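J.: Return atomic coordinates for the entry below.
(2 chains)
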Protein chains: 2
Amino acid sequence: MNHIKADWIAVDWGTTHIRVWAMTKAGEVLANGLSDKGMNQLSPDAFEPALLELIEHWLPKDRTIKVIACGMVGAKQGWVEASYQNVPCYPAKDMTLTKASTLDPRIECFILPGLMQASPVDIMRGEECQIAGLISDDAAFDAVVCLPGTHAKWVRVVRGEVKNFSTYMTGELFSLLSEHSVLRHSINTDKHNSALSDPHFFAGVAQAVKDPQLFSAQLFSIRAQSIASDLDAVHARSTLSGLLIGAELAATEDLWRKHKVTLIGSKVLAGLYEKALQMLGAHSVVVNANEMTLAGLALAYKQISN
Amino acid sequence: MNHIKADWIAVDWGTTHIRVWAMTKAGEVLANGLSDKGMNQLSPDAFEPALLELIEHWLPKDRTIKVIACGMVGAKQGWVEASYQNVPCYPAKDMTLTKASTLDPRIECFILPGLMQASPVDIMRGEECQIAGLISDDAAFDAVVCLPGTHAKWVRVVRGEVKNFSTYMTGELFSLLSEHSVLRHSINTDKHNSALSDPHFFAGVAQAVKDPQLFSAQLFSIRAQSIASDLDAVHARSTLSGLLIGAELAATEDLWRKHKVTLIGSKVLAGLYEKALQMLGAHSVVVNANEMTLAGLALAYKQISN
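T.: Residues are numbered from 1 along each chain as shown, chains lettered A, B, ... in the order given. As a prediction, this is how the structure comes out:
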């Protein structure tokens, strides 16, 4: 039954999902799994069963296997609160892992620390693993990194060190506005048709970057256009997406005007940022998010295995 | 039973509530009523019964009484779609009222037109009645008017004419963010304790006016401060309120820097704007919203009675 000979197990445990990978020492993926048992629906004693459910069939009988996890699993409301590292810091080195206590003797679980910034106050939990993976063992690594998502992060890395970062509620605002605000009457939210209209998306980006102080008026304008001139629901969705990404780009203009941006994210979402940056005359490159997560977890595994 | 001798009935029918007043020709209020049968829960044929429920006991047996209504009752999803007047226009004159058909012969109902702006596209329904009341019959009336609320309006009036206006989703963003976003974990939403901390409110206003392009980062900072430094939940609510009103003031700086602002709104909400404007060195005066609504409806009544 159990043909998988994993050396360790990698876990990306976020608010809504848990992803697991059976890994070799060399960083090869032997198998993977996914469930919707995210942090936000588990009480502290439900984490271990949720994990075992996914990895049980990978566990050797004769020894303990190390499990390395990142993400909201380490939040105060998670399995066990993992520490935060204060920036500036080297997320790819000196990881202070927090051990989660387990009943099953076959596993030994460790959680990565988040990042904390004193001024302006900011926090990160999950993305630091991808940043660590991106930096890897390159002591000369410089980058401006953007991680799109519910709470998008922009991170300045200089010689392998995270200098500072900032968080934007872009993804969450998109959900709230398109599903719960007055704009929901005007916006297409058909999950089977998430295509966007480029001209409307670009117009939204341009508007937000040009007049960021008008953000809240620009949002309402979607509703007004829908009533006054029957704005198409897909066009409305595209405008909203453009306005929100544009607002984030207005805030980070200093970064993308001077540096190439490394986007860590899904093809679709990072692709939107790439298009917007290109329109604004900036350069960017998209890096696969899962690969960076695995690379970051592998660094942590290596650290505690030495 | 029926001691009220109303000459006409004034109605403010919004999304969530209906307010009615029994009026004399001279504009005196004889009685009033309120119910939660707002536009958003009524099908077209439920409007007349919802109205009669509140005003039945004021109706004379021997004649028809005029009912003048403003607000979302005239929206597409309302009782009957009332027209929009295009700005620039004189909302206190030339009101094109839309008649709602009624089964009960004792009432004759008219709805005020909304306002529509072609560029930038914008719409208004309800506030135009208060603006009409404010302008009244003063042909020389000049003002910058701010109507705080779910969708706050800023309106430029020159010699009794609405030149242009803009809408900000300030109130709706406050509800969404404090009740449905990640910030809800950090923010006091106790309805019995809506007091704000002045220093946090003012700091929020100042921050948003100074760096409006950082709006979405400033929002997330509330959550970060709550995790990193145990930001008090009332302080968090005050900061959010300040940031949102500040974002609106950043957008309208040209107006309040040059003109005194007339705030039409509730004591509490208009009071916050007044405080914020005062801190920014601007002048404002608060005008009672219900009085302006009644004055605007009275103008419409006068127009169809002549």
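J.: What residue spans form the domains of chain A?
T.: Here chain A is described, according to automatic domain parsing, as comprising the domains A:8-136+A:291-305, A:170-288.
J.: who in the stretch 51-200 of chain A is up against chain B?
T.: When proximity is defined as CB under 8 Å from any CB of the partner chain, the stretch 51-200 of chain A approaches chain B at A:76, A:84, A:116-118, A:120-123, A:151, A:166-170, A:172-173, A:176-177, A:180-182. C-beta here means a position set from N, CA and C on the backbone, and glycine is covered the same way.
J.: swap the cut-off to 6 Å and go again
T.: Residues of the stretch 51-200 of chain A lying near chain B by CB under 6 Å from any CB of the partner chain: A:116, A:121-123, A:166-169, A:172, A:176, A:180-181.
J.: quick check, the longest helix along chain A touching chain B?
T.: The helix spanning the most residues in chain A, taking DSSP state H as the definition, is helix A:233-251. Yes - applying CB under 6 Å from any CB, one finds that helix A:233-251 is in contact with chain B at A:247, A:250-251.
J.: Select from those residues the one having the most neighbours.
T.: Of the residues of helix A:233-251 next to chain B, A:A247 is surrounded by the most neighbours, 29 neighbours in total, counting by other CB atoms under 10 Å in any protein chain shown.
J.: Hmm, A:A247 and A:F215 touching each other?
T.: Yes - applying CB atoms under 6 Å as the test, A:F215 and A:A247 come out as touching, 5.4 Å apart.
J.: For the stretch 51-200 of chain A, which segments are assigned as strands?
T.: Counting by DSSP state E, counting those that start in this stretch, the stretch 51-200 of chain A has strands at residues A:65-70, A:84-86, A:98-100, A:107-111, A:114-117, A:122-124, A:143-147, A:152-158, A:161-168.
J.: got these as TSV, with mean pLDDT columns?
T.: As requested, those are arranged in TSV below (pLDDT from 0 to 100):
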stretch	mean pLDDT
strand A:65-70	97
strand A:84-86	95
strand A:98-100	96
strand A:107-111	97
strand A:114-117	97
strand A:122-124	97
strand A:143-147	98
strand A:152-158	98
strand A:161-168	98
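J.: could I get these as JSON lines with distance to B:A140 and mean neighbour count?
T.: Formatted as JSON lines, the entries for those read as follows, by distance: least, CB to CB, whole Å; neighbours: other CB atoms under 10 Å in any protein chain shown:
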{"stretch": "strand A:65-70", "distance to B:A140": "67", "mean neighbour count": "24"}
{"stretch": "strand A:84-86", "distance to B:A140": "62", "mean neighbour count": "17"}
{"stretch": "strand A:98-100", "distance to B:A140": "71", "mean neighbour count": "17"}
{"stretch": "strand A:107-111", "distance to B:A140": "70", "mean neighbour count": "22"}
{"stretch": "strand A:114-117", "distance to B:A140": "55", "mean neighbour count": "23"}
{"stretch": "strand A:122-124", "distance to B:A140": "52", "mean neighbour count": "23"}
{"stretch": "strand A:143-147", "distance to B:A140": "54", "mean neighbour count": "24"}
{"stretch": "strand A:152-158", "distance to B:A140": "51", "mean neighbour count": "22"}
{"stretch": "strand A:161-168", "distance to B:A140": "47", "mean neighbour count": "21"}
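J.: so which helix or strand takes in the residue of chain A positioned farthest from its centre?
T.: Residue farthest from the centre of chain A, counting by CA atoms, centre = their mean, is A:A228 at 37.7 Å. Secondary structure assigned from DSSP states H and E places A:A228 in helix A:215-229.
J.: quick revisit: between the residues of helix A:233-251 next to chain B, which is nearest B:K66?
T.: Each of the residues of helix A:233-251 next to chain B was scored against B:K66 by CB to CB, and A:A247 proved nearest at 47.4 Å.
J.: List the contacts of the closest one.
T.: Under the criterion of CB atoms under 6 Å, 6 or more residues apart in numbering or on different chains, the contact partners of A:A247 comprise A:208, A:215, B:216.
J.: cool, and A:V205?
T.: Contacts of A:V205 (CB under 6 Å, 6+ apart): A:242, A:245-246, A:276.
J.: If we use 7 Å, what do you get?
T.: With CB atoms under 7 Å, 6 or more residues apart in numbering or on different chains as the criterion, the residues that contact A:V205 are A:242, A:245-246, A:249, A:276, A:279.
J.: how near is the nearest residue to it once chain neighbours are set aside to A:L214?
T.: Excluding its sequence neighbours, the residue lying closest to A:V205 (CB to CB, 6 or more residues apart in numbering or on different chains) is A:G246, at 3.8 Å. Per CB to CB, to the nearest Å, A:G246 is found 11 Å from A:L214.
J.: Spatially central residue for chain A, please.
T.: Averaging the C-alpha coordinates of chain A gives a centre point, and the residue nearest to it by CA atoms, centre = their mean is A:E127 (5.1 Å).
J.: Check whether it really touches A:W154, as I assumed.
T.: No - contact status for A:E127 versus A:W154: not in contact, 10.3 Å apart, counting by CB atoms under 7 Å.
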